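1. Just a sequence and a predicted model for now, questions to come.
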Amino acid sequence: MRKIVLLCNGGLSTGILVKKMKAAAEAASYECQISAAPVSSAEEVGGDADLILMGPQVRFQMSTVSRQVSCPVVSIEPTAYGTMNGEKVLNQVRKELGD
C-alpha cells in the first residue's frame, strides 16, 4: 500500500483534495493511504511516505522539504489543484510512482 502525503499551508485546502483522491483511488481499486498536513510538519508526517505532493502555494518550499524526507517530493499540477480534480492528481501520483 502506497502512502501519499499532501502538504499545504495549513493542511485545510488539501483536505478537500484528499477526499476526492480517495474516491478516485477506490473507483480505480488503487490501494493507498492519502493524508493532508501543513508544510511545517513535513519531516514528521513524511518520514515513511512514498510520495509527498506540495500544493502550488507552497511549492517554493520543495527543496527544504526534499532535504527533510527520503521520498520524492513533487508539486501538484496547479490546474488539477485549483479544480480539486482528485482523479487527475491520483493519476499524477501513479505516474510518479510508476504504478
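-> Great, that's in hand. Numbering: from 1, shown residues only.
2. so who does the spatially closest residue to residue 78 that is not a sequence neighbour touch?
-> Spatial nearest neighbour of residue 78, excluding adjacent residues (CB to CB, 6 or more residues apart in numbering): residue 56 at 4.5 Å. C-beta here means a position set from N, CA and C on the backbone, and glycine is covered the same way. Under the criterion of CB atoms under 8 Å, 6 or more residues apart in numbering, the neighbours of residue 56 are 75-76, 78, 81-82.
3. Low-confidence ranges, the chain, go.
-> Scanning the chain for pLDDT under 70 picks out 11-12.
4. how far away is residue 30 from residue 99?
-> Distance, residue 30 to residue 99, using CB to CB, to the nearest Å: 7 Å.
5. those strands in the chain, which residues are they?
-> Ranges of strands within the chain are 2-8, 32-38, 51-54, 73-75, based on DSSP state E.
6. picking that back up, would you mind checking the contacts of residue 56 for buried ones?
-> Buried members of those, scored by 16 or more other CB atoms under 10 Å, are 76, 81.
7. What is the neighbour count of the residue lying closest to residue 64 once chain neighbours are set aside?
-> Distances taken as CB to CB, 6+ apart put residue 42 closest to residue 64, at 7.9 Å, once the chain neighbours are dropped. Each residue near residue 42 was counted by other CB atoms under 10 Å, and the total is 24.
8. And for residue 79?
-> Residue 79: 10 neighbours (other CB under 10 Å).
9. now it: how far from residue 34?
-> For residue 79, the distance to residue 34 - CB to CB - is 20 Å.
10. now swap in residue 54 and tell me
-> Separation of residue 54 from residue 34 (CB to CB): 14 Å.
11. does the closest residue to residue 15 other than its chain neighbours have beta-bridge partners, and which?
-> Leaving aside its chain neighbours, residue 15 sits nearest to residue 36 (4.6 Å; criterion: CB to CB, 6+ apart). As for beta bridges, residue 36 partners with residue 6 under DSSP bridges.
12. my read: residue 36 touches residue 14, true?
-> Yes: contact criterion CB atoms under 8 Å: residue 36 and residue 14 qualify, at 3.9 Å.
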